[in-house]
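Can you look at this prediction? I've put the sequence above it.
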Amino acid sequence: MLLHFFCLLLNPTFSQEWIPYYEDDKISISYTSKVCDDRQNGFDFEYYLIKVTNRTDHTLVVNFNKSAEEASKEEDKLAFVLTPNEVKTGSCDYDPVKLRVFKADRRSNKTARVDIFALSKINVIEVY
């Protein structure tokens, strides 16, 4: 039992701190930062992982741009469905919703450029 507790504490998903970004009566959005290294393929990128929580008993369609409004591009648009009280969380693994935003290239041969976390045009629609 004690060993299980220590494993939980050392698990990076357990100890991740989520930073609140946006909140209203329907959803909350928070983010954290995580290094997603794929040394087998030569990648070592850091991403902002996004967590979106449906705070209602209704199905919602959530959409937003994964960039600041002035830097927004077509490929930054994201839309997905949240069932009542559902929480969707980004990860390093493949996910069609792709709740992650590039932060930095951590390979040693790259210059240190860090992108700032920003979302824009956050829109929530209740589905009846």
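Right, received. Where do you want to start?

I'd like to know how far the residue nearest the centre of the chain sits from Glu75.
Nearest residue to the geometric centre of the chain (C-alpha atoms, centre = their mean): Ile50, 1.6 Å. For Ile50, the distance to Glu75 equals 16 Å [C-beta to C-beta, to the nearest Å]. Where you see a C-beta, it was placed from the backbone N, CA and C, and this is true even at glycine.

circling back to that earlier point, unless I'm mixing things up, the residue nearest to the centre of the chain is touching Ile29, no?
Yes. Contact criterion C-beta atoms under 8 Å: Ile50 and Ile29 qualify, at 6.5 Å.

any residues in contact with both of those two?
Leu119 (C-beta atoms under 8 Å, 6 or more residues apart in numbering).

Pull out the buried positions in the helix or strand where Ile122 lies.
According to DSSP states H and E, Ile122 maps onto strand 120-127. Neighbour counts over strand 120-127 (16 or more other C-beta atoms under 10 Å) mark Val124 as buried.

got a list of contacts for that strand?
Strand 120-127 has contacts (C-beta under 8 Å, 6+ apart) with 22, 24, 26-27, 29, 56, 58-65, 67-69, 72, 81.

If any of the residues you listed are buried, put those into a ChimeraX selection.
Those of those that count as buried under 16+ other C-beta under 10 Å are selected in ChimeraX with:
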select :26,27,29,60,62,64,65,67,72
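
Mind checking which of the contacts of strand 120-127 are in strands?
22, 27, 29, 59-65, 81 (DSSP state E).

picking up where we left off before, neighbouring strands - and their directions - for the strand holding Ile122?
Applying DSSP bridges to the sheet, strand 120-127 is found paired with strand 59-65 (antiparallel).
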